[in-house]
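S.K.: Sequence unavailable; structure follows:
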């Protein structure tokens, strides 16, 4: 009996400690974007180069590129790097070139002797850019308003090198779409919150801006050129810090991307994104691992303890405190980032997402290195 009580007492302490860590993440990092107030910056509208890399994206270019070419901004160019496309991209871009004088196209021809990933196309676009401020998005993305460029660029001051934006996914029917949007929202409140607290660690290429000189002064993508992904998050992770990084996620500055249509396609996409995780700074890897690990411990120890009714009133109080913090953050984050309809699914997604991401990360670790893919 003594040993049994000792076991459950230790388990309760583990549960309480994991709950305390969870509350810290929610109230310090995740709540930060929800209560953040953007500071208006006045001054001249600086010239901008919007860079989009595309490979076989003809339908998306036709559907989404006009929204970028028709932004309400006085001085900007749009550079589309048409990288070895074998579809109708060349003709569609040719049509748009006649209609939009601020559109520029860099065509990369296929060379069987030279396989390259998206970073090479990105480098071509950056090299071609005429302006110091670079704004990045993808071919399957569209801005939520005509004020996207204006809002993102307004954050650049003398000290600002990076502006981290929010890139969500288009709302569709079905559970998979809700999970994809939950995953995107969860990641956003994490990287935005950490940046607000002075610990920027990543950005998303769907909505990211930085200065051209920062890219070349830091030798571009440097030692990460061989990694499939990371043209966005690894570059931010290596070169951003509290003083040179700002966040921008007012509703008019959001971008929306096409979500994966099947779970298999989403897993492939997620596996590509997670290839960058081992290359983060040790500090960032520690902070990113602690939260999902303690989340699993929190739910697992709660399930064991409550099934034995061990100190159950205190269990429910601690569980309730985290749940209240979670509800507050979810409600505010959904409103702030314009992601309605996720609250009813959040708890179940919250339980299973660390297991899903952990499985995908383990799969990446165990598999053989892949080819130097573009996407």
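M.R.: Yes, it's here. Here the structure is a predicted model, which is why all the values come from computation and not from measurement.
S.K.: Walk me through the domains of the protein.
M.R.: Per automatic domain parsing, the structural domains of the chain span 7-34+283-366, 40-281.
S.K.: Give me whichever of these is most buried.
M.R.: Among the domains of the chain, the stretch with the highest mean neighbour count (mean count of other C-beta atoms under 10 Å) is domain 40-281, at a mean of 18. Glycine gets a C-beta too; all of them are placed from N, C-alpha and C.
S.K.: quick one: the helices in the chain?
M.R.: Along the chain, counting by DSSP state H, helices occupy 2-24, 31-35, 58-69, 89-99, 118-128, 148-153, 175-196, 212-217, 233-239, 263-274, 282-307, 312-336, 346-366.
S.K.: Show me what the mean pLDDT comes to for the fifth one.
M.R.: Helix 118-128 comes out with an average pLDDT of 90.
S.K.: what do you get for the third one?
M.R.: Confidence over helix 58-69, taken as the mean pLDDT, stands at 96.
S.K.: Counting by contacts, list what that helix packs against.
M.R.: Using 3 or more C-beta pairs under 8 Å, 6 or more residues apart in numbering; DSSP states H and E as the contact criterion, the secondary-structure elements in contact with helix 58-69 are strand 48-54, strand 76-83, helix 89-99, strand 141-143.
S.K.: Contacts only, for residue 104.
M.R.: Contacts for residue 104 (C-beta atoms under 8 Å, 6 or more residues apart in numbering) come out as 77-80, 128.
S.K.: try residue 222
M.R.: For residue 222, the residues meeting the contact criterion (C-beta under 8 Å, 6+ apart) are residue 238.
S.K.: tell me the pLDDT at it?
M.R.: Per-residue confidence (pLDDT) for residue 222: 75.
S.K.: Low-confidence stretches in the stretch 201-350 of the chain?
M.R.: Applying pLDDT under 70 to the predicted model, the residue ranges of the stretch 201-350 of the chain that meet it are 226.
S.K.: nearest spatial neighbour of residue 151, skipping sequence neighbours?
M.R.: Counting by C-beta to C-beta, 6 or more residues apart in numbering, residue 253 is the residue found nearest to residue 151 once chain neighbours are left out, at 3.6 Å.
S.K.: residue closest to the middle of this structure?
M.R.: Ranked by distance to the mean C-alpha position of the chain (C-alpha atoms, centre = their mean), the top residue is residue 204 at 4.0 Å.
S.K.: Tell me which residues touch that residue, please.
M.R.: Residues near residue 204 by C-beta under 8 Å, 6+ apart: 164-167, 187-188, 191, 232-233.
S.K.: Could you check how far it is from residue 37?
M.R.: 22 Å (C-beta to C-beta, to the nearest Å).
S.K.: cool, and residue 99?
M.R.: 39 Å.
S.K.: Residue 31 now?
M.R.: As it turns out, when the distance is counted by C-beta to C-beta, residue 31 lies 13 Å from residue 37.
S.K.: neighbouring contacts of stretch 125-137?
M.R.: Identification of contacts with stretch 125-137 by C-beta under 8 Å, 6+ apart yields 46-53, 68, 76-77, 79, 81, 104, 106, 122, 143, 149, 152-153, 156, 167, 205-213, 215, 220, 232, 255.
S.K.: one more time with 6 Å
M.R.: 46-51, 79, 81, 106, 152-153, 156, 205-206, 208-212, 215, 255 (C-beta atoms under 6 Å, 6 or more residues apart in numbering).
S.K.: returning to that earlier point: which two among the contacts of residue 104 are spaced furthest apart?
M.R.: Taking C-beta to C-beta as the measure, those span a maximum distance of 11.3 Å, between 78 and 128.
S.K.: Quickly list what's touching both of those two.
M.R.: Taking C-beta under 6 Å, 6+ apart as the contact criterion, no residue touches both residue 78 and residue 128.
S.K.: Just the residues contacting stretch 270-280, thanks.
M.R.: 227-230, 233-234, 237, 360-361, 364.
S.K.: give the contact list for residue 68.
M.R.: With contacts defined as C-beta under 6 Å, 6+ apart, the neighbours of residue 68 are residue 78.
S.K.: Report the separation between it and residue 138.
M.R.: Look at residue 68 and residue 138: by C-beta to C-beta, they are 11 Å apart.
S.K.: can I get the contacts of stretch 270-280 in CSV with distance to residue 246?
M.R.: As requested, the contacts of stretch 270-280 are arranged in CSV below (distance: C-beta to C-beta, whole Å):
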residue, distance to residue 246
227, 26
228, 28
229, 24
230, 21
233, 17
234, 19
237, 16
360, 31
361, 30
364, 31
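S.K.: ok, of these, which one's closest to residue 334?
M.R.: Using C-beta to C-beta, residue 233 is the member of the contacts of stretch 270-280 that sits closest to residue 334, with 23.7 Å.
S.K.: now the closest residue to residue 172 other than its chain neighbours: how far from residue 6?
M.R.: Distances taken as C-beta to C-beta, 6+ apart put residue 259 closest to residue 172, at 6.2 Å, once the chain neighbours are dropped. In this structure, residue 259 lies at 49 Å from residue 6, with C-beta to C-beta as the measure.
S.K.: Residue 29 reaches residue 193, doesn't it?
M.R.: Yes: the pair residue 29 and residue 193 passes the contact test of C-beta atoms under 6 Å, sitting 3.9 Å apart.
S.K.: quick one: residue 69 and residue 100 touch, right?
M.R.: Yes: at 4.6 Å, residue 69 counts as touching residue 100 under the criterion of C-beta under 6 Å.
S.K.: circling back to that earlier point, quick one: which of the helices of the chain is nearest residue 245?
M.R.: Residue 245 lies closest to helix 175-196 among the helices of the chain, at 5.6 Å (C-beta to C-beta).
S.K.: packing partners for the closest one?
M.R.: Contact here means 3 or more C-beta pairs under 6 Å, 6 or more residues apart in numbering; DSSP states H and E; on that basis helix 175-196 packs against helix 31-35, strand 167-169, strand 245-248.
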